[in-house]
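>>> Here's my sequence, what's the structure:
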Amino acid sequence: MTTPEDPRDPREARAERAEATEYGPLGPGRTPEKDPLAGLRGVMAGTLIMQAISVLLGLTVLARVDGGAHATPGAMGFVTALGVAMVAMAFLQKRPWALRGNLALQVLALLTFFAHWSLGLVGVLFALVWAYILHLRKNLLERMRRGLLTTQHT
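From the prediction side, this is the model:
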């Protein structure tokens, strides 16, 4: 089933969507002087550090559980590299590709199920944290677009 193409100019369609935007009582406001996403980037960096600590502590789980049966060189190397990558990514949050990198690390964190189920469980818990961070980011961007931030009107 195909849909007919919109014969309108894409700029006109964007203008109609912009007109349909429901702004706050004070209007769209202006660009905030302070970057509202800076605080969220700090939360993402802190979350990555906490996750890196949890992942790197998982090395002791691999070494101790079942007499070290899970401490294969591949598993230990993967978990170590993942923890170090998370620490490095925590310092790169201002980069435009940082969010994609963070989410890629979360996919890799879920793959730690292959090393040990407890590490995979940590990956699932932090994946839920990252889902909430993405929800907060979406909400903040929507509020900025509608002009609902206090800093847009001072």
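>>> list the helices and strands the longest helix along the chain packs on?
With DSSP state H setting the assignment, residue counts place helix 117-146 as the longest helix in the chain. Applying 3 or more C-beta pairs under 8 Å, 6 or more residues apart in numbering; DSSP states H and E, one finds that helix 117-146 contacts helix 37-64, helix 98-110. Where C-beta positions appear, they are placed from N, C-alpha and C, glycine not excepted.
>>> Let's see that with 10 Å instead.
Under the contact criterion of 3 or more C-beta pairs under 10 Å, 6 or more residues apart in numbering; DSSP states H and E, the helices and strands touching helix 117-146 comprise helix 37-64, helix 73-90, helix 98-110.
>>> Neighbours of the closest residue to Val129 other than its chain neighbours, how many?
Of all residues not flanking Val129 in the chain, Thr47 sits nearest, at 6.0 Å (C-beta to C-beta, 6 or more residues apart in numbering). Other residues lying near Thr47 total 18 when counted by other C-beta atoms under 10 Å.
>>> okay but Thr47 is in contact with Ala127, surely?
No: Thr47 is beyond contact range of Ala127, at 11.2 Å (criterion: C-beta atoms under 10 Å).
>>> Okay, now the unreliable bits of this protein?
Using pLDDT under 70 as the threshold, the predicted model of the chain has low-confidence ranges 1-21, 23-32, 150-154.
>>> where's the residue nearest to Val129 relative to Leu141, distance?
Summarising the geometry, the distance separating Thr47 from Leu141, computed by C-beta to C-beta, to the nearest Å, is 18 Å.
>>> swap in Met76?
Here Met76 is placed at a distance of 39 Å from Leu141 (C-beta to C-beta).
>>> If you count surrounding residues, which of these two has more?
It is Met76, of Met76 and Leu141, that has more neighbours when counted by other C-beta under 10 Å, with 16 against 13.
>>> now that one: how far from Ser54?
Taken as C-beta to C-beta, the spacing of Met76 relative to Ser54 amounts to 16 Å.
>>> What of Leu140?
Here the distance between Leu140 and Ser54 works out to 26 Å (C-beta to C-beta).
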